[in-house]
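Q: No sequence on hand, only this structure:
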């Protein structure tokens, strides 16, 4: 999905958020979205969404899910 680039970043985010929700559940996902994250330069995922920095968030979630499957 990384090859989708900037134009596909919003769709990637939605698909990856759905996957994270399926794996961890709604409450942990909500907590993760709202909290500053060291891997995102201490910005929250929801903050990145508000700033329309979809590609940064999509790449981060892609990395998280890739690590989870190793």
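A: It's in. The structure displayed is predicted, hence computed values, not measured ones.

Q: and residue 58, what is it in contact with?
A: Remark: with contacts taken as C-beta atoms under 8 Å, 6 or more residues apart in numbering, residue 58 is in contact with 1, 9, 12, 13, 16. Using the backbone N, CA and C atoms, a C-beta is placed for each residue, glycine as well.

Q: Residue ranges in this protein under the pLDDT threshold?
A: 1-2, 4, 68-70 (pLDDT under 70).

Q: out of the contacts of residue 58, who has the most neighbours?
A: With neighbours defined as other C-beta atoms under 10 Å, the most crowded of those is residue 13; it has 22 neighbours.

Q: give me every residue that touches that residue.
A: For residue 13, the contact set (C-beta under 8 Å, 6+ apart) comprises 49, 54, 57, 58, 61.

Q: How about the helix or strand encompassing residue 12, which residues are buried there?
A: Residue 12 belongs to helix 9-24 when elements are defined using DSSP states H and E. Buried residues in helix 9-24, counting neighbours by 16 or more other C-beta atoms under 10 Å, are found at 9, 10, 12, 13, 16, 17, 20.

Q: quick one: the fifth one and residue 61 touch, right?
A: Spelled out, that is residue 16. Yes. Counting by C-beta atoms under 8 Å, residue 16 touches residue 61, with 3.9 Å between them.

Q: Let me see the contact set for the closest residue to residue 55 other than its chain neighbours.
A: Ranked by C-beta to C-beta, 6 or more residues apart in numbering and with sequence neighbours excluded, the top spatial neighbour of residue 55 is residue 9, at 4.2 Å. Taking C-beta under 8 Å, 6+ apart as the criterion, residue 9 is in contact with 54, 55, 57, 58.
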